[in-house]
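[1] pasting the sequence and the predicted coordinates here, then a few questions.
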Amino acid sequence: MTNNYPELIVECNDFKSGEKIPLKYTGRGNDFSPEFILKNLSLNGKTIAILFNDMDHPLFKHYNHWVIWNIPLMDIIPGNIPEGKILPNLGNAMQGIGYGRYKYRGPKPPFNWSHKYQFNIYVLECELNIKNNSHKKQLLQAMEGHIIQYGFINGYFK
């Protein structure tokens, strides 16, 4: 689903892709969502969706920690996005159900194991009309045919 889209460059001021995710963005810290800086952003986009996954979960492939969509097109997505099904201060973006129910849940791997985590950011040409109790699977299905750009940033935490 992420092939052949124009590159979206995703950056975070507090860590670079492939580095350790700072404690404040984890379940052992403040559980704040990071701020994202988007470069090469297509002006043809209308909304942004984010999936945050544990790529090394031992039981579930790409275990989902966060699902959010209908973020208005912007080149800086603010950090510390609050809990809630609908986020009026973020253009009525919607958060669904992942490991965090209607909120961001940062890395907290068991047994002090090191896991790779990935923030997948999609630029869409429309708003999505899906229920706010949607999971990763429903979001991926709803995005089919509407993605115009894709980028990601990953990091490690143990």
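    That came in fine, so what should we check first? Numbers count the residues shown, from 1 in each chain.
[2] low-confidence ranges, the chain, go.
    1-3, 58-59 (pLDDT under 70).
[3] which ones are touching residue 48?
    By CB atoms under 8 Å, 6 or more residues apart in numbering, the contact set of residue 48 is 38, 69, 71-74, 77, 121-124. For glycine as for every other residue, the C-beta is placed from the backbone atoms N, C-alpha and C.
[4] so how far is residue 36 from it?
    9 Å (CB to CB, to the nearest Å).
[5] who touches both of those two?
    Counting by CB under 8 Å, 6+ apart, the residues touching both residue 48 and residue 36 are 77, 121.
[6] ok, back up a step: can you select the buried ones among the contacts of residue 48 for me in PyMOL?
    To isolate the buried members of those in PyMOL, using 16 or more other CB atoms under 10 Å:
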select buried, resi 38+69+71+73+77+121+122+123+124
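[7] among the contacts of residue 48, which are located in strands?
    Of the positions in these, 38, 69, 71-72, 77, 121-124 sit in strands, assigned by DSSP state E.
[8] which pair of those residues spans the longest distance?
    38 and 69 (15.3 Å; CB to CB).
[9] ok, so of the ones in strands among the contacts of residue 48, who is nearest residue 104?
    residue 77 (11.5 Å).
[10] list the contacts for the closest one?
    Here residue 77 is in contact with 35-36, 38, 48, 50, 71, 121 (criterion: CB under 8 Å, 6+ apart).
[11] go again with 10 Å.
    Residue 77 makes contacts with 10, 12, 33-38, 48, 50, 68, 71, 90, 93, 119, 121, as judged by CB atoms under 10 Å, 6 or more residues apart in numbering.
[12] so how far is residue 41 from it?
    Distance from residue 77 to residue 41, by CB to CB: 11 Å.
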